[in-house]
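Colleague: The sequence and its predicted three-dimensional model are supplied below.
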Amino acid sequence: MTIAEYNHSVRKMSDDLYRFALRYCGIGSDAEDAVQDVFVTLWEQHERVEASGVKGYLIRLLYRRLVDMHRHNEVVRRMRSEEIGTESEGRRTEIAFELHDALNQALGQLPEQQRALVLLRDLEGYEYGEMSAMTGLSEQQVGVYLYRARKTLKKLLSDYR
Amino acid sequence: MKIMITQENYEGWLMRYADGALTSDEQAEVERFLEAHPELRDELAEVASVRVAPVVASMPDKERLLHREPVTVWRHVAAAVALLLVAGGAVLLLGKPADSPMPIARTEVPTVRMLPADTETVEPAVDPECCPQPATYHPLKKHTVQPSADLTDAEEGEERKVEHEECDAVVAEEVAPEPVQPEEPALPPMRVAVGYVVTDARLAVNPLYEAFALK
């Protein structure tokens, strides 16, 4: 893609990516960092990336970046809880969401993979084949995760009300 | 391939059924399963109703992610020419000790003109010609003589006369000890002149960079 096409994708896609990242990680600064990293990578690769496929490319990069960030945060959290020795095994990660709406609070309680899939489906309109390719899960597994994610969200949102 | 929908794997099937991601055979199979398990219909309806809405937000300061777009060829050429002129001018000015023939030095630094038109370095071949007396030859001549290089051909005749007059003056001057002085004050103005050229060139190039600026 050309530099003009790169710039076009920044203008056209960065808000969508940011919203996705914000829903995923719940923290504005982390979402911003992730989106910036994604565009830095795109810039480095822009001569090899076709303009027509840039949206999928960016989403895949962002997804990977967010998963990496999530794993890193998990490791840090575990190390801290081991140091403190208070957190019981298996307790669900409480994500420090800055967005205080009920939906984001509920999203923050989903397992990472379920959260990613429901966002890919609802925010980006991904088909099962695409989600399967991106996550390495079968389409049936994707369906299972989505079903459980929605079921949990429904329950949490009902409780919230 | 026979589709087996069970209590263990129904979630994936129902979800894909609700999302319209199944073939017609698979859909029929799911519908048969739902007839056998009507209690799951309500659950499926609830699950399928949940959708995550996009948050209202936008990427802060996204302009920093943009890159300069290429400009048209003539602008490249213009920028390259401007830079070459600047670089060439700077090299020429810096390369000469003083009283450079570059017009910019003269117009911008009037003090240079006030110097005896003599601080120009002399080409060695000229010296013996115009000052043929070996007995009075002195290295100090280097700082004298020779009209500035920017005289035109039409002035050639005058130039010769000037040379001779100045040569005489040099010979006479050699009795006097220190004609070196004029070179010293010439240096600071030179720096000013160089500084001016660079600044001026930046101004010349800047509009191009404004054209690069991203909206």
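Modeller: Sure, I can see it. Numbers count the residues shown, from 1 in each chain, chains lettered A, B, ... in the order given.

Colleague: Show me the chain divided up by domain.
Modeller: Since you didn't name a chain, this refers to chain A. As recorded under automatic domain parsing, the domains making up chain A are A:1-97, A:100-161.

Colleague: oops, chain B please
Modeller: Taken from automatic domain parsing, chain B resolves into B:10-49, B:73-212.

Colleague: Could you tell me the least trusted of the ones you listed?
Modeller: Of all these, mean pLDDT reaches its minimum on domain B:73-212 (a mean of 54).

Colleague: quick revisit: out of the domains of chain A, which is the most enclosed?
Modeller: domain A:100-161 (a mean of 19; mean count of other C-beta atoms under 10 Å in any protein chain shown). (C-beta placed from N, C-alpha, C; glycine too.)

Colleague: and the one helix or strand A:Phe39 maps to with chain B, contact?
Modeller: Element membership for A:Phe39 (DSSP states H and E) is helix A:28-45. Yes. Helix A:28-45 reaches chain B (C-beta under 8 Å from any C-beta of the partner chain) through A:28, A:32, A:35-36, A:39, A:43.

Colleague: Return the helix or strand in chain A with minimum mean pLDDT.
Modeller: Least confident helix or strand of chain A, by mean pLDDT, DSSP states H and E, is helix A:102-107 with a mean of 84.

Colleague: what helices or strands is the helix or strand following that one leaning on?
Modeller: Once the chain leaves helix A:102-107, the next helix or strand it forms, by DSSP H and E, is helix A:112-122. For helix A:112-122, the packing partners by 3 or more C-beta pairs under 8 Å, 6 or more residues apart in numbering or on different chains; DSSP states H and E come out as helix A:3-25, helix A:54-84, helix A:102-107, helix A:128-135, helix A:139-160.

Colleague: would CSV of those with distance to chain B be doable?
Modeller: Shown next, in CSV, are the helices and strands packed on helix A:112-122 (distance: least, C-beta to the nearest C-beta, whole Å):
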stretch, distance to chain B
helix A:3-25, 4
helix A:54-84, 12
helix A:102-107, 7
helix A:128-135, 5
helix A:139-160, 3
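
Colleague: Columns distance to B:Asn9 on top of these, output as JSON lines?
Modeller: As requested, these are exported to JSON lines (distance: least, C-beta to C-beta, whole Å):
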{"stretch": "helix A:3-25", "distance to B:Asn9": "27"}
{"stretch": "helix A:54-84", "distance to B:Asn9": "25"}
{"stretch": "helix A:102-107", "distance to B:Asn9": "25"}
{"stretch": "helix A:128-135", "distance to B:Asn9": "15"}
{"stretch": "helix A:139-160", "distance to B:Asn9": "7"}
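
Colleague: for the ones you listed, which one sits closest to A:Leu119?
Modeller: helix A:3-25 (5.4 Å; C-beta to C-beta).

Colleague: dump the residue contacts of the most centrally placed residue in chain A.
Modeller: A centroid search over chain A (C-alpha atoms, centre = their mean) returns A:Tyr24, at 4.0 Å, as the residue closest to the centre. Each residue near A:Tyr24 by C-beta atoms under 8 Å, 6 or more residues apart in numbering or on different chains is listed here: A:31, A:66, A:107, A:115-116, A:119.

Colleague: residues making contact with stretch A:45-54?
Modeller: Here stretch A:45-54 has contacts from A:1-3, A:5-6, A:8-9, A:13, A:42, A:57, using C-beta under 8 Å, 6+ apart.

Colleague: One more: stretch B:4-19?
Modeller: A:121, A:128, A:139-144, A:146-148, A:150, B:3, B:22, B:26-27, B:29-30, B:33-34, B:37, B:40, B:44, B:47-48.

Colleague: From the opening residue of that stretch to its closing one, how far?
Modeller: In stretch B:4-19, first residue to last residue: 19 Å (C-alpha to C-alpha, to the nearest Å).

Colleague: State the distance from the residue nearest to A:Gly56 when sequence neighbours are not counted to A:Glu32.
Modeller: Nearest residue to A:Gly56, sequence neighbours excluded (C-beta to C-beta, 6 or more residues apart in numbering or on different chains): A:Glu130, at 7.3 Å. Counting by C-beta to C-beta, to the nearest Å, the separation of A:Glu130 from A:Glu32 is 25 Å.

Colleague: now do B:Trp74
Modeller: Distance from B:Trp74 to A:Glu32, by C-beta to C-beta: 39 Å.

Colleague: who touches A:Asp30 in this structure?
Modeller: A:21, A:69 are the contacts of A:Asp30 under C-beta under 8 Å, 6+ apart.

Colleague: Can you read off the pLDDT for it?
Modeller: Value for A:Asp30, per-residue pLDDT: 91.

Colleague: Quick check, B:Pro70 in contact with A:Glu5.
Modeller: No. Counting by C-beta atoms under 8 Å, B:Pro70 stays clear of A:Glu5, with 11.8 Å between them.

Colleague: I'd say A:Val118 and A:Ala106 touch.
Modeller: No. Applying C-beta under 8 Å, one finds A:Val118 not in contact with A:Ala106, separated by 10.4 Å.

Colleague: Overlap in contacts, those two.
Modeller: In contact with both A:Val118 and A:Ala106: A:Leu153, using C-beta under 8 Å, 6+ apart.

Colleague: Which single residue in chain B comes nearest to chain A?
Modeller: Residue nearest to chain A within chain B (C-beta to the nearest C-beta): B:Gly12, separated by 3.3 Å.
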